[in-house]
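Visitor: Sequence plus the predicted model coming up.
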Amino acid sequence: MSYQKQPELNGAYYGPSIPPPARPRSYNRPGKRGGRGCGCCLIDCLCDCIMSCICTILCTILVIVGIAIFLFWLIVRPHEVKFYATDASLTTFNFTNTNTNNLNYNLAVNFTARNPNKHIGVYYDSIEANAIYAGQRFSTVQGPVFFQGTKNTTDFGPVIFKGQHIVELGSGDKDDYNKQTDNGVYEIQLKMHLRVRFKLGLFKTGTWKPKIKCDLEVPLDGKSSSSQPFERKKCSYDL
């Protein structure tokens with residue numbers, strides 16, 4: 001039998017590290033301060049249960065409200081009321097003195113309101129009509145007060161703007177006024193501030209305040225070079 005000599009070790013020999021001794025398992029007895037006993041577990045479970053119930057109730061309410069709104073829309077099918085300027089007459093529209101910018105005007109406008117709803121009526125508690133030229137209001141009048149039934153078309157007017165008012169024109173506005181005077185057609189804007197309520201069966205809503213805007217091109221009577229009458233204009237909601 002042959003014997004082989006093992007090589008000598010140079011320096012110290014390092015083997016695998018010795019793990020630290022395991023710490024004894026500690027536990028808190030029920031009733032000791034700082035411990036989590038059965039009472040704490042019951043409180044946590046109760047809190048989780050309450051939060052889960054609250055979330056379930058809120059989700060249920062939201063679903064019910066969403067379904068109610070959808071059913072209301074499906075049954076009522078609300079539509080916006082449409083407004084038209086059907087006719088306009090302008091007999092006076094001039095400045096007595098361009099230095100003082102004193103505008104003389106006499107304008108009459110007829111309107112039509114169309115309620116396309118089958119189940120909703122409209123109370124018009126107030127109609128404030130404003131006439132505007134070159135971005136400046138020169139007259140304000142009050143329109144009629146009335147109730148409009150379902151699927152109804154209501155004509156109201158004439159709404160008359162008549163008098164004098166100072167309207168300061170810039171250089172560009174003066175050029176536009178001179179061109180419109182030559183053509184005999186003036187660009188006048190009307191804005192109506194409404195106070196309305198809606199009726200659905202026996203139920204009436206609170207007051208709403210929509211704004212209506214009508215951009216008109218009104219020919220001066222007997223002065224329009226085109227000799228064309230006023231064209232009916234659909235108004236829009238001023239958001």
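Guide: Yep, that arrived. Numbers count the residues shown, from 1 in each chain.
Visitor: and the helix ranked longest in the chain, how far out from the chain's middle?
Guide: For the chain, the longest helix by residue count, based on DSSP state H, is helix 38-76. For helix 38-76, the separation from the chain centroid amounts to 30 Å (computed by Cα atoms, centre = their mean, to the nearest Å).
Visitor: give me every residue that touches the nearest residue to Lys209 once chain neighbours are set aside.
Guide: Distance criterion Cβ to Cβ, 6 or more residues apart in numbering; nearest residue to Lys209, sequence neighbours excluded, is Arg195 at 5.8 Å. To be clear about C-beta, it is placed using only N, CA and C from the backbone, and glycine gets the same treatment. Neighbouring residues of Arg195 by Cβ atoms under 8 Å, 6 or more residues apart in numbering: 124-126, 207-209.
Visitor: how does the chain divide into domains?
Guide: 44-76, 82-237 (automatic domain parsing).
Visitor: Buried deepest among these, which one?
Guide: Across the domains of the chain, the average number of neighbours (mean count of other Cβ atoms under 10 Å) peaks for domain 82-237, which reaches a mean of 16.
Visitor: So His165 is in contact with Asn101, correct?
Guide: No: contact criterion Cβ atoms under 8 Å: His165 and Asn101 do not qualify, at 9.3 Å.
Visitor: What ranges does the protein have for its helices?
Guide: According to DSSP H, the helices that the chain contains are 38-76, 171-183.
Visitor: Same list, these, but as a markdown table with mean pLDDT and distance to Gln136 please.
Guide: Converted to a markdown table, the helices of the chain look like this (pLDDT from 0 to 100; distance: least, Cβ to Cβ, whole Å):
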| stretch | mean pLDDT | distance to Gln136 |
| --- | --- | --- |
| helix 38-76 | 76 | 41 |
| helix 171-183 | 91 | 9 |
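Visitor: for this structure, what spans make up the strands?
Guide: Here the chain has its strands, by DSSP state E, at 82-95, 102-115, 120-133, 136-142, 146-148, 152-166, 185-200, 203-204, 211-219, 233-234, 236-237.
Visitor: re the thing from before, lowest average pLDDT across the domains of the chain?
Guide: Mean pLDDT values for those show the minimum at domain 44-76, a mean of 78.
Visitor: before we move on, the earlier item: which among the helices of the chain is found nearest to Gln148?
Guide: Closest of the helices of the chain to Gln148 is helix 38-76, at 16.3 Å (criterion: Cβ to Cβ).
Visitor: Can you give me the separation between the residue nearest to Lys209 and Lys204?
Guide: 13 Å (Cβ to Cβ, to the nearest Å).
Visitor: With Val109 instead?
Guide: From Val109 to Lys204 the distance is 29 Å (Cβ to Cβ).
Visitor: Next: Phe70.
Guide: Counting by Cβ to Cβ, the gap from Phe70 to Lys204 is 23 Å.
Visitor: picking up where we left off before, using CSV, lay out the helices of the chain together with distance to Arg137.
Guide: Converted to CSV, the helices of the chain look like this (distance: least, Cβ to Cβ, whole Å):
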stretch, distance to Arg137
helix 38-76, 37
helix 171-183, 14
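Visitor: quick one: which of the ones you listed is nearest Leu216?
Guide: helix 171-183 (12.1 Å).
Visitor: So which other helices or strands are in contact with the closest one?
Guide: strand 185-200 (3 or more Cβ pairs under 8 Å, 6 or more residues apart in numbering; DSSP states H and E).
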